[in-house]
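In: can't give you the sequence, but here's the structure:
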C-alpha cells in the first residue's frame, strides 16, 4: 500500500514537472515566433497549455509588443491579462507594464497646449490602474515597491502637467485682456480721427459761418456769377 502511494506521488510530481517544462518551452517557442512577427499561433491552444495560468499568454504577448514599440497592441494584451485572474504578485507586474505602455504613447509634445488635457487624463488613469488593487497608493504604502515608485513619479508628472495647464490658461487670459485693450485703443483712435476730419481748419481763410458754395466750387465772395458759364 505504501509502495503504491509512493509510486503515485512520483507519477504526480513527474506529471506536474512535465507540465511546467512543456508550458515553459511552448511559451518560449511562441514568444520567439511573435518576436519575428509571426502571430499565427492559436490563442485557444496557448490558453490550454496554460490552463491554470491563462494570463501568462497575454502577459507575454504584451511584453513582446512593448519591446517592439507597438504600445497600443501591448495595452490590449495587458488589459486582457488582467481579466484572466492573475495572482496578486503577478497582477502588479501586469499593471506596471500596462501603465508604462500608456506613458510611452504620450510623446514629446505631451505638455503642449493641444495635448495637455489628454496628458492629464492619461496620468490620472495610470494612477488609478496602479492603486486599484493596492499595488501603490498616495500614502506610499503599496505592496509592490516598483509600482509605488512608478506611482510617485506619475504623481509628480501630473502636478507638473496641471501647473503647465494653469500657466497656459493665465497666458491666454492675459492675451485676451491685451487684445481687448488694443481693440478699445484702436476704436478710440478711429473715433478721434473721424471727429478731426469733420471739423474745419480756421487757418485756411474760409469763413466758418458761411456754409454757402456755388455749384462750380467758386467762392461767392469773389463777385463772380455762378450761373455764368464763361
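Out: Everything's here; your move. Values in this document were obtained by computation on a predicted structure and should not be read as measured data.
In: where does residue 137 land in three-state SS?
Out: coil (DSSP: H, G, I helix; E, B strand; the rest coil).
In: Break the protein down into its domains, please.
Out: 1-105, 109-170 (automatic domain parsing).
In: Where does pLDDT dip in this protein?
Out: 1, 3-10, 12-31, 33-51, 176-179, 181, 185-230 (pLDDT under 70).
In: hmm, 80 instead?
Out: Filtered on pLDDT under 80, the chain yields the residue ranges 1-52, 174-230.
In: for it, what spans make up the helices?
Out: 2-35, 43-49, 55-67, 71-82, 88-104, 116-131, 145-198 (DSSP state H).
In: export the domains of the chain to a markdown table and tack on distance to residue 182 and mean neighbour count?
Out: Quick note: C-beta positions are derived from backbone N, CA and C, even for glycine. As requested, the domains of the chain are arranged in a markdown table below (distance: least, CB to CB, whole Å; neighbours: other CB atoms under 10 Å):
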| stretch | distance to residue 182 | mean neighbour count |
| --- | --- | --- |
| domain 1-105 | 40 | 15 |
| domain 109-170 | 19 | 16 |
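In: quick one: which of those is nearest residue 184?
Out: Closest to residue 184 of the domains of the chain is domain 109-170 (CB to CB; 21.3 Å).
In: Figure out the length between the terminal residues of the closest one.
Out: 20 Å (CA to CA, to the nearest Å).
In: One more: stretch 75-93?
Out: 13 Å.
In: Outside of that stretch itself, list whatever touches it.
Out: With contact meaning CB atoms under 8 Å, 6 or more residues apart in numbering, stretch 75-93 is reached by 53-55, 57-59, 61-62, 65, 94-95, 97-98, 101-102, 133, 135, 143-144, 146-147.
In: Please apply the same query to stretch 129-147.
Out: 88-89, 91-93, 95-96, 98-99, 102, 148, 150-152, 154-155.
In: related to what we said a few turns ago, how about the domains of the chain in CSV, adding distance to residue 183?
Out: As requested, the domains of the chain are exported to CSV (distance: least, CB to CB, whole Å):
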stretch, distance to residue 183
domain 1-105, 41
domain 109-170, 20
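In: wait, which of these is closest to residue 180?
Out: Nearest of those (CB to CB): domain 109-170, 15.8 Å.
In: and which of the contacts of stretch 129-147 is nearest to residue 108?
Out: Closest to residue 108, out of all of these and judged by CB to CB, is residue 102, at 15.9 Å.
In: Wait, that closest one touches residue 126, no?
Out: Yes: here residue 102 lies in contact with residue 126, judged by CB atoms under 8 Å, at a distance of 5.7 Å.
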